[in-house]
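In: have a look at this prediction, sequence included:
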Amino acid sequence: MTRKFKTNNEANGVSGSGRGSSRAVYLDNAATTAVDPAVLEAMLPYFCDQFGNAASIHHDFGCQAQQAVQNARGQVAGLINANAGEIVFTSGATESNNIAIKGSAEKLRDKGNHIITCAIEHKAVLDSCKYLETRDFEVTYLPVDSLGMLDLAQLEEAITEKTLLISIMAANNEIGTINPIAEIGALADRCKVLFHCDATQAVGKIPIDVQECGIDLLSLSAHKIYGPKGVGALFIRRNRKENRPAPLIHGGGHEKGYRSGTLNVPAIVGLGRACELCGENMMRESERLGKFSQKLLRLISENVDHIRINGHQENRLGNLLNITFEFVEGEGVMLAMPDVAVSSGSACTSETLEPSYVLRALGVPDELAHGSLRFSLGRFNTEQEIDLAAQSVIRAVKKMRDLSPLYEAAVIHDNDEFRNSNEESITNEEIRNPKL
């Protein structure tokens with residue numbers, strides 16, 4: 001069955017599900033998003049009609065492709081308040097993170113060998129740092145508190161004369177907690193340390209200004225913002241030429257030598273258009289999805305007891321909820337509600353049975369981490385879908401708890417606590433009013 005989407009304008013209005021009726025409710029937009037029809041429309045001419053190589057500027061086909069790439073460069077730059085010449089196109093945020101971290105480490109090795117990051121960064125950052133540790137670099141992995149927040153004082157204390165790079169994400173992909181990137185940027189600038197920000201989950205959802213935030217390197221990906229998969233970008237501040245990262249891929253000198261390889265023009269055009277749409281609709285879309293998210297949480301919490309919200313309740317992305325359902329396994333709940341698509345953590349770590357390293361870092365015990373689900377709302381969700389999803393979650397959790405002796409014991413304990421509390425209240429009232 002062909003998937004049917006509403007137009008962008010319809011999707012950002014009151015209605016527009018973005019799905020055929022036989023499809024599950026999709027609430028896993030932090031993993032990937034559907035391509036916006038307006039993005040697809042912008043891409044289509046560059047597959048068959050304007051198919052030139054953007055590096056072949058000696059004929060019209062190549063010039064048209066090059067112009068399309070330059071236009072997209074400007075659209076990406078506009079979303080983060082950068083200059084078009086500071087945007088390098090990559091295959092996605094994973095590659096962008098690798099270039100920013102490994103490339104900077106190689107380029108600045110004479111200045112130091114110390115990198116600072118955070119324990120709940122995306123695996124693309126953490127694994128790049130772990131690789132560098134095998135190359136005699138030292139990496140500090142800063143902890144977070146129970147809400148997923150970084151301690152700026154700890155960050156400042158971790159900086160040494162050998163520190164060459166700080167890599168901290170704008171918002172976490174599992175719990176949505178937003179980091180104080182402007183303060184981090186100011187600290188990095190004061191200490192003359194490069195600041196890389198993985199903004200993959202935040203771009204298009206909250207305002208990101210590389211100038212105001214003092215960001216030197218920023219990674220983003222198209223498929224998180226209703227663009228195509230397989231394309232992303234890396235912002236590289238151009239007024240720090242001596243600190244620009246070394247390339248990881250050689251062969252042709254494309255993208256000013258940072259990333260050789262024939263440019264994927266249709267995908268780049270899609271990324272540009274996706275960024276443009278995000279800039280136009282960000283505030284309205286964020287408000288709408290924030291209301292949907294709060295409604296989903298309210299419906300679940302009114303009907304399901306023993307739940308916990310992971311991450312910061314207020315300082316987080318409005319479209320993302322991470323909820324722990326005690327006494328059940330998250331995988332079991334997902335299997336019990338095939339009509340709702342959610343995840344039990346990051347898509348990049350979903351193949352492992354290990355509990356989320358992000359939740360572990362928050363101090364969540366393994367048994368509770370296993371019972372956690374991530375709900376991430378997107379542009380094409382409707383209020384009706386939120387109602388349907390809530391009903392399915394409630395049914396699935398209750399179904400799984402009916403099979404749990406631990407939950408049965410907890411209910412008995414809760415009832416005993418309630419009964420004892422009532423008896424104590426009656427006794428106290430009799431002491432105050434003997435005539436009763």
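Out: On my side now, so go ahead. Residues are numbered from 1 along each chain as shown.
In: any idea how far Glu329 is from the closest residue to Glu331 other than its chain neighbours?
Out: In space, not counting the residues next to it along the chain, Glu331 is nearest to Ser344; the distance is 6.1 Å by Cβ to Cβ, 6 or more residues apart in numbering. (Each C-beta comes from the backbone N, C-alpha and C, glycine too.) Taking Cβ to Cβ, to the nearest Å as the measure, Ser344 and Glu329 are separated by 9 Å.
In: which residues do the two both contact?
Out: Shared contacts of Ser344 and Glu329 (Cβ atoms under 8 Å, 6 or more residues apart in numbering): His370.
In: between these two, which one's more packed in?
Out: More crowded of Ser344 and Glu329, by other Cβ atoms under 10 Å: Ser344, with 22 against 16.
In: for the record, mean pLDDT for stretch 43-55?
Out: Throughout stretch 43-55, pLDDT has a mean value of 90.
In: using CSV, write out the CA atom coordinates for that stretch.
Out: Backbone C-alpha positions of stretch 43-55 (Å, rounded to 0.1, in the frame of the first residue of the first chain) are rendered in CSV as follows:
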residue,chain,number,x,y,z
MET,A,43,14.5,16.8,-5.0
LEU,A,44,12.8,15.1,-8.0
PRO,A,45,14.2,17.2,-10.9
TYR,A,46,17.7,16.4,-9.9
PHE,A,47,17.3,12.7,-10.4
CYS,A,48,16.5,12.6,-14.1
ASP,A,49,16.3,16.1,-15.6
GLN,A,50,19.0,18.2,-13.9
PHE,A,51,21.3,15.3,-13.2
GLY,A,52,24.6,16.9,-13.7
ASN,A,53,27.7,16.5,-11.6
ALA,A,54,28.2,19.6,-9.4
ALA,A,55,31.9,19.5,-10.1
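In: list the buried residues of it.
Out: Taking 16 or more other Cβ atoms under 10 Å as the neighbour-count basis, stretch 43-55 is seen to contain the buried residues 43, 46, 50, 52, 54.
In: can you list the weak-confidence ranges in the stretch 151-300 of the chain?
Out: Low-confidence segments of the stretch 151-300 of the chain (pLDDT under 70): 241, 257.
In: which residues of it fall in strands?
Out: In the stretch 151-300 of the chain, the segments counted as strands under DSSP state E, counting those that start in this stretch are 163-167, 194-198, 217-221, 232-236.
In: buried deepest among those strands, which one?
Out: Ranked by average neighbour count under the criterion mean count of other Cβ atoms under 10 Å, these are headed by strand 217-221 at a mean of 30.
In: distance of Ile178 from Gln313?
Out: On the measure of Cβ to Cβ, Ile178 and Gln313 end up 12 Å apart.
In: now swap in Phe325 and tell me
Out: 17 Å.
In: more neighbours, these two?
Out: In this comparison of Phe325 against Gln313, neighbours counted by other Cβ under 10 Å, the higher total goes to Phe325 at 26 against 10.
In: report the beta-bridge partner residues of the more buried one.
Out: The residues paired with Phe325 through beta bridges, assigned by DSSP bridges, are Ile307.
In: do I have it right that it meets Asp305?
Out: No: with contacts defined as Cβ atoms under 8 Å, Phe325 does not count as touching Asp305, sitting 9.7 Å away.
In: so can I have a markdown table of the strands of the stretch 151-300 of the chain showing distance to Glu121?
Out: Written out in a markdown table, the entries for these read as follows (distance: least, Cβ to Cβ, whole Å):
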| stretch | distance to Glu121 |
| --- | --- |
| strand 163-167 | 7 |
| strand 194-198 | 7 |
| strand 217-221 | 11 |
| strand 232-236 | 16 |
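In: so which of those is nearest Ala274?
Out: Closest of these to Ala274 is strand 217-221, at 10.0 Å (criterion: Cβ to Cβ).
In: name the strands paired with the closest one and say parallel or antiparallel.
Out: Strands that pair with strand 217-221, judged by DSSP bridges, come out as strand 194-198 (parallel), strand 232-236 (antiparallel).
In: show me the contact partners of the first one.
Out: Outside strand 194-198, the residues that touch it by Cβ under 8 Å, 6+ apart are 93, 97, 100-101, 104, 108, 121-122, 124-125, 164-170, 181, 184-185, 188-189, 213-219, 240, 243.
In: quick one, phi/psi of the closest residue to Pro338 other than its chain neighbours?
Out: Ranked by Cβ to Cβ, 6+ apart and with sequence neighbours excluded, the top spatial neighbour of Pro338 is Ala24, at 6.6 Å. Summarising the backbone geometry of Ala24 under the convention degrees, to the nearest 10, its torsions are phi -70, psi 160.
In: for the strands paired with strand 217-221, give me a markdown table that also has distance to Glu280.
Out: Output for the strands paired with strand 217-221, formatted as a markdown table (distance: least, Cβ to Cβ, whole Å):
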| stretch | distance to Glu280 |
| --- | --- |
| strand 194-198 | 23 |
| strand 232-236 | 18 |
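In: relative to Glu161, how far out is the spatially most central residue of the chain?
Out: Geometric centre of the chain, nearest residue: Gln201, 2.8 Å, by Cα atoms, centre = their mean. Gln201 sits 33 Å away from Glu161, going by Cβ to Cβ.
In: what about Glu408, neighbour count?
Out: Using other Cβ under 10 Å: Glu408 sits among 13 other residues.
In: ignore the last one, Ala153
Out: 8.
In: over to Met282?
Out: The number of residues packed around Met282, counting by other Cβ under 10 Å, is 17.
In: I figured it hits Ile208, correct?
Out: No: with contact defined as Cβ under 8 Å, Met282 and Ile208 do not form a contacting pair (10.0 Å).
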